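[1] with the sequence up front, the predicted model follows.
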Amino acid sequence: MAEYNFQEIEKKWQQYWNDHKVYEVSNDSSKPKYYILDMFPYPSGAGLHVGHPLGYIASDIVSRFKRLNGFNVLHPMGFDSFGLPAEQYAIQTGQHPAITTDENIDRYKEQLKALAFSYDWSRELRTSDPKFYKWTQWIFKLIYNSWYNKDSDKAESIDTLVNILENQGNSNVNAACDSDTPTITAEEWNSYHEKEQQLFLLKYRLTYQAETTVNWCPALGTVLSNDEVKDGFSERGGHPVIKKKMPQWSMRITAYADRLLSGLDKIDWPEPIKEMQRNWIGKSNGAEIDFKVADSDVNIRVFTTRIDTIFGVTFLVLAPESDLVQTLTTSNQKQEVDAYINVAKNRSERERMSDAKNVTGVFTGSYAVHPFSQEQIPIYVADYVLAGYGTGAVMAVPSGDQRDFDFAKKFNLSIPVINDAQKLTDTEADPTKEGKIINSDFLNGLTPTEAMERGIKEVEKRNIGVRKINFKLRDAIFGRQRYWGEPIPVYYEDGIPKLIPDEDLPLNLPKIDEYLPTEDGDPPLGRASNWNYHSHPYELSTMPGWAGSSWYFFRYMDPENESEFCGKKALNYWKDVDFYLGGSEHATGHLLYARFWTKFLYDMGFIEVDEFAKKLINQGMIQGRSNFAYRINGENKYVSKGLKDQYDTTPIHVDVSIVKDDVLDIQAFKKFRPDAAGADFVLEDGKYLCGWEVEKMSKSKYNVVNPDDLVDRYGADTLRMYEMFLGPIEQSKPWNTNGIEGVYKFLRKYWSLFHTGETFEVIDQEPTKDELKILHGALKKVAEDIDTLSLNTSVSTFMIAVNELSSLKCNKRAILEPLTIALSPFAPHITEEIWHLIGNDSTIVEATYPVFEEKYLVEDSFEYPVSVNGKMRAKISFPTGSSKEDIEKGALANEAIQKWLDGNTPKKIIVVPNKIVNIVI
């Protein structure tokens with residue numbers, strides 16, 4: 001057989017595709033559009049390991065399949081190239097982050113191109129490119145110059161609000177705004193000077209500055225979002241994170257909370273992602289109620305979803321961050337309260353909410369007056385209350401809430417029963433909504449549902465509160481105190497933020513001498529010389545990592561447009577992403593912020609869709625398969641896995657690249673671990689067998705498999721098909737290089753179908769019924785599998801088809817050419833080579849997917865198992881559609897059956913069409 005030289009074939013066709021711009025796509029097409037997109041990667045210095053291409057391969061298969069089926073496919077790639085790792089490297093080395101980032105991108109592109117992904121590289125984006133972030137800055141300006149009108153339920157230009165204020169004041173304005181926004185008249189507004197007006201408008205703008213409690217990471221010198229903090233430490237680098245108040249840019253994503261919730265019902269996204277977003281948004285219906293502080297003019301407003309339990313309140317709890325804490329703490333409690341707050345501020349919100357076992361808190365020394373019973377109840381500070389949800393204060397009902405119950409038990413507070421169906425124990429509260437309310441004055445005898453409505457009406461009647469819908473969702477902190485990010489297009493005049501004119505965009509990152517905060521504590525941009533707008537200082541914060549990724553999918557539609565973020569024609573054609581693929585870890589970060597920005601751009605009339613992606617798929621993770629050698633403790637000796645239990649050993653991670661089929665290359669191991677150069681090895685049957693374990697793929701475990709090595713050894717087509725063969729795309733699975741040989745052998749077997757000895761030979765003969773059945777069975781199954789992303793079973797289908805055709809020694813064009821087209825999305829190089837050897841001039845990418853015909857799968861006969869007295873005695877084929885009478889006659893005439901009948905006349909013959917024949921004698 002002619003050699004399958006994959007190195008030569010793959011290099012040849014990659015060059016051809018690049019030279020002929022095969023994957024470039026036009027916005028002018030009469031074809032139906034299909035927009036398929038991978039979440040663009042951050043270009044890390046390590047490059048790709050075999051886990052990274054998993055989703056890219058799947059999306060590329062779908063992309064190629066759609067092209068073959070007549071779609072104009074947009075399948076672009078770019079890089080989310082702003083990020084902390086490049087900045088941290090810059091801090092350590094002094095090298096500008098752009099240099100590091102560009103080097104990393106070059107490495108990524110080299111690896112991606114080697115795997116033959118059909119990306120339109122002419123549309124490549126980089127979020128750190130000023131040509132791209134010019135439009136990120138433009139969108140920031142647009143959001144800043146907008147407010148959310150709850151009456152029209154959409155964002156509008158801030159000019160419409162100014163017009164209302166000039167003519168009516170804000171008494172009738174129904175808007176998303178700061179909770180402390182005062183009511184003013186038109187006369188008051190018109191009497192304000194410009195600075196006062198601008199400060200007032202900040203209470204309405206969708207992007208605004210405010211004193212905010214943030215996650216401050218001293219080691220990184222920046223503010224982190226909630227999803228960037230895990231258990232009190234930064235997700236990147238594992239540095240301690242503390243709570244700190246500082247002026248901060250924020251985006252009023254809370255204005256869109258209801259629409260972000262309802263929009264989930266119309267997109268085809270995984271239910272776990274939707275549920276994570278629903279929980280993150282956290283909609284609650286209830287009431288806000290004022291508790292007056294005893295002997296004071298101060299009121300504490302609390303939010304509750306269970307006003308039916310109001311008479312079960314025995315204490316109030318404030319969040320440690322609440323401004324009321326210092327006001328209400330008495331002098332004799334101050335030292336204890338200050339000490340408690342100092343500890344609490346260093347715990348993340350996730351940690352505080354999940355740590356239910358450790359009950360902590362401290363008494364402020366003050367009391368509140370119950371709004372109905374007029375009894376005095378103590379006010380505590382505890383970190384299980386969060387400042388950002390509700391009002392930062394809760395009314396504690398220990399009989400109906402477990403955390404309140406545990407708190408009351410610890411601090412010896414009363415726990416009154418307020419529902420006749422409550423069943424309290426010594427350790428558990430009962431939040432039941434069954435039964436009737438008791439011990440609750442005017443609520444007695446009502447069901448909890450009835451009591452909720454009656455309670456809200458009573459609160460509003462007495463003017464001590466209001467009906468309220470609350471969300472757990474917080475406004476998104478937008479500023480970051482770091483260098484490597486989009487500059488915020490703002491300068492300050494008399495302390496008021498003002499926007500840079502469009503004609504001066506982009507505001508480029510300036511050069512600085514170091515990438516650390518200044519000695520005065522300003523962000524790194526404070527080091528820039530003469531960086532100002534006509535002598536007015538620029539904003540020193542930069543945008544967060546999610547800014548560019550919140551709209552990049554629109555820029556791919558029209559990446560070279562210098563006058564618009566995306567032209568109307570391109571937007572009208574491509575509209576939205578049909579298929580989006582990426583990790584589930586972005587559920588409450590990128591995926592939520594991108595939906596927010598999309599809805600905003602829709603409100604402002606720039607786009608026709610209010611959801612950016614119709615369908616989302618989350619690929620699973622490829623986990624590492626680690627290998628271990630076993631060192632005998634106290635000796636420089638290693639023992640093979642099967643013998644390790646005879647010794648006291650310590651497992652040592654081994655670089656998986658020096659292990660094949662779990663057999664260790666001992667000489668390579670000695671080079672890998674110099675301390676093992678003189679070691680002894682206890683073998684099994686002449687081999688050293690390593691142990692193995694499934695772990696996260698990481699350098700520290702020496703289990704990272706570089707795709708470059710596998711491409712060099714087996715070819716890109718083999719790696720593409722093997723990654724799909726590992727299992728369903730959505731599931732996590734362990735990597736095991738041991739199985740890749742089977743896929744490589746399959747491709748060689750496919751290659752051999754076209755060769756007789758050293759000669760390429762395809763004949764133009766009519767195919768047989770069996771050959772057509774094999775082909776069309778494969779065409780049907782593969783098309784169905786791609787539609788459901790069951791790509792692992794597609795690989796199996798191809799293997800079975802090639803094996804069966806090999807057995808039939810089939811080398812007919814009518815069979816092999818359509819099979820080659822069907823295989824091309826999975827193995828583009830080898831199929832392109834075959835396609836041209838067959839005699840085609842154009843690329844296989846432009847071919848048409850073969851039409852599956854059901855008639856070739858319809859059986860014209862059926863082989864019946866024939867039983868005599870319940871025991872199968874023969875198998876007899878009859879034409880499909882044969883009558884029962886014909887089947888009976890044929891069965892009785894069969895020699896094998898006549899032998900078992902032994903001259904007896906059957907008492908009964910049972911024929912179940914296309915199943916069985918049973919003869920009873």
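    Noted; the coordinates are in hand.

[2] OK, contacts around the closest residue to residue 455 other than its chain neighbours?
    Excluding the flanking residues, the one nearest residue 455 by Cβ to Cβ, 6 or more residues apart in numbering is residue 307, at 3.7 Å. No exception for glycine: its C-beta is placed from N, CA and C like everyone else's. Residue 307 is in contact with 286, 287, 289, 451, 452, 455, 456, 459, counting by Cβ atoms under 8 Å, 6 or more residues apart in numbering.

[3] between those residues, which is nearest residue 368?
    residue 289 (10.9 Å; Cβ to Cβ).

[4] residues of the helix or strand harbouring that closest one that come out buried?
    Taking DSSP states H and E as the definition, residue 289 sits inside strand 283-293. By neighbour count with 16 or more other Cβ atoms under 10 Å, strand 283-293 contains the buried residues 286, 287, 288, 289, 290, 291, 292, 293.

[5] which one of those is nearest residue 832?
    Of the buried residues of strand 283-293, the one sitting nearest to residue 832 (Cβ to Cβ) turns out to be residue 286, at 62.7 Å.

[6] without its sequence neighbours, what residue ends up closest to the closest one?
    Here the residue nearest residue 286, using Cβ to Cβ, 6+ apart, is residue 305, at 3.8 Å.

[7] avg pLDDT for the strand holding residue 289?
    Averaged across strand 283-293, pLDDT comes to 94.

[8] then stretch 105-121?
    Stretch 105-121 comes out at a mean pLDDT of 96.

[9] before we move on, what about stretch 522-535?
    Mean pLDDT, stretch 522-535: 93.

[10] what of stretch 735-753?
    Rounded mean pLDDT across stretch 735-753 is 93.

[11] so after the lowest-mean-pLDDT helix or strand in the chain, what's the next helix or strand?
    None of the helices or strands of the chain scores lower by mean pLDDT, DSSP states H and E than helix 349-354, at a mean of 68. Later in the chain than helix 349-354, the nearest helix or strand by DSSP H and E is strand 362-369.

[12] could you list the paired strands of that next one along with their orientation?
    strand 283-293 (antiparallel), strand 376-381 (antiparallel) (DSSP bridges).

[13] centre of the chain versus the last one, how much separation?
    Read it as strand 376-381. 42 Å (Cα atoms, centre = their mean, to the nearest Å).

[14] what of stretch 711-725?
    How far stretch 711-725 lies from its chain's middle: 26 Å, per Cα atoms, centre = their mean.

[15] and it, which residues are buried?
    711, 714-725.

[16] state the mean pLDDT of that stretch.
    On average, stretch 711-725 scores 96.

[17] what sits up against it?
    6-7, 9-10, 50, 53-54, 57-58, 60-61, 114-116, 622, 707, 710, 739-741, 743-744, 746-747, 791-792, 794-796, 826-830.

[18] can I get that stretch in PDB, CA atoms only?
    Listed next in PDB are the C-alpha coordinates belonging to stretch 711-725 (Å, rounded to 0.1, in the frame of the first residue of the first chain):
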ATOM      1  CA  VAL A 711       0.300  15.900  15.800                       C
ATOM      2  CA  ASP A 712       4.000  15.200  15.000                       C
ATOM      3  CA  ARG A 713       3.600  11.500  15.900                       C
ATOM      4  CA  TYR A 714       0.100  10.700  14.500                       C
ATOM      5  CA  GLY A 715      -1.100  13.700  12.600                       C
ATOM      6  CA  ALA A 716      -3.800  16.400  13.200                       C
ATOM      7  CA  ASP A 717      -6.600  14.300  11.700                       C
ATOM      8  CA  THR A 718      -5.900  11.500  14.200                       C
ATOM      9  CA  LEU A 719      -5.900  13.900  17.100                       C
ATOM     10  CA  ARG A 720      -9.100  15.500  16.000                       C
ATOM     11  CA  MET A 721     -10.900  12.200  15.700                       C
ATOM     12  CA  TYR A 722      -9.400  10.800  18.900                       C
ATOM     13  CA  GLU A 723     -10.600  13.700  21.000                       C
ATOM     14  CA  MET A 724     -14.100  13.200  19.700                       C
ATOM     15  CA  PHE A 725     -13.900   9.500  20.200                       C
END
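
[19] direction included, what does whichever helix or strand comes after the strand holding residue 289 pair against?
    Following strand 283-293 in sequence order, the next helix or strand is strand 299-304 (DSSP H and E). Note on strand 299-304: by DSSP bridges, its sheet partners are strand 283-293 (antiparallel).

[20] in the longest helix seen in the chain, what's buried?
    Scanning the chain for the longest helix, with DSSP state H as the assignment, gives helix 769-788. The neighbour-count criterion (16+ other Cβ under 10 Å) identifies 771-783, 785-786 as the buried residues of helix 769-788.

[21] equivalent analysis for stretch 195-210, please.
    Result for stretch 195-210 [16+ other Cβ under 10 Å]: buried residues 197, 198, 200, 201, 202, 203, 204, 205, 206, 207, 208, 209.

[22] with stretch 654-667 instead?
    654, 655, 656, 657, 658, 659, 662, 663, 664, 665, 666.

[23] so which one among those residues has the lowest pLDDT?
    For those, the least confident entry is residue 657, with 90.

[24] I'd assumed residue 709 was in contact with that one.
    Yes: counting by Cβ atoms under 8 Å, residue 657 does reach residue 709; the two are 6.9 Å apart.

[25] please save the CA atoms from the host helix or strand of residue 491 in CSV.
    Following DSSP H and E, one finds residue 491 within strand 490-493. What follows is strand 490-493, C-alpha atoms only, in CSV (Å, rounded to 0.1, in the frame of the first residue of the first chain):
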residue,chain,number,x,y,z
VAL,A,490,-13.1,59.8,30.9
TYR,A,491,-11.3,62.9,32.1
TYR,A,492,-12.0,65.0,35.2
GLU,A,493,-12.9,68.7,35.2
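
[26] buried ones in the helix or strand following that strand?
    Next along the chain after strand 490-493, taking DSSP H and E as the criterion, comes strand 496-499. Buried residues in strand 496-499, counted by 16+ other Cβ under 10 Å: 496, 497, 499.

[27] determine the set of other helices and strands touching strand 496-499.
    Judged by 3 or more Cβ pairs under 8 Å, 6 or more residues apart in numbering; DSSP states H and E, strand 496-499 is in contact with helix 194-201, strand 490-493.

[28] tell me the gap between the first one and the middle of its chain.
    It refers to helix 194-201. 40 Å.

[29] ok, stretch 2-16 next?
    Mean-position distance between stretch 2-16 and its chain equals 36 Å (Cα atoms, centre = their mean).

[30] report the buried residues of it.
    Buried, per 16+ other Cβ under 10 Å, within stretch 2-16: 4, 6, 9, 10, 13, 14.

[31] between these, which is closest to residue 144?
    Once Cβ to Cβ is applied, the member of those that ends up nearest residue 144 is residue 14, at 45.3 Å.

[32] wait, what's in contact with that closest one?
    Residue 14 sits in contact with 113, 114, 116, 829, where contact means Cβ under 8 Å, 6+ apart.

[33] select only the buried ones of the residues you listed in PyMOL?
    PyMOL command restricting those to the buried ones, with burial defined by 16+ other Cβ under 10 Å:
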select buried, resi 113+114+116+829
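
[34] tell me which of the contacts of residue 14 is nearest to residue 534?
    Nearest to residue 534 among the contacts of residue 14: residue 113, at 45.6 Å, using Cβ to Cβ.

[35] please pick the buried ones from the contacts of stretch 711-725.
    6, 9-10, 50, 53-54, 57-58, 60-61, 114-116, 622, 707, 710, 740, 743-744, 746-747, 791-792, 794-795, 826-830.

[36] from the residues you listed, which land in strands?
    Members of the buried ones among the contacts of stretch 711-725 lying in strands (criterion: DSSP state E): residue 622.

[37] pLDDT weak spots in the protein?
    For the chain, residues meeting the criterion pLDDT under 70 lie at 1, 225-227, 346, 348-351, 353-356, 388-390.

[38] report the central residue of it.
    Central residue check for the chain by Cα atoms, centre = their mean: the C-alpha nearest the mean position is that of residue 584, 2.8 Å away.
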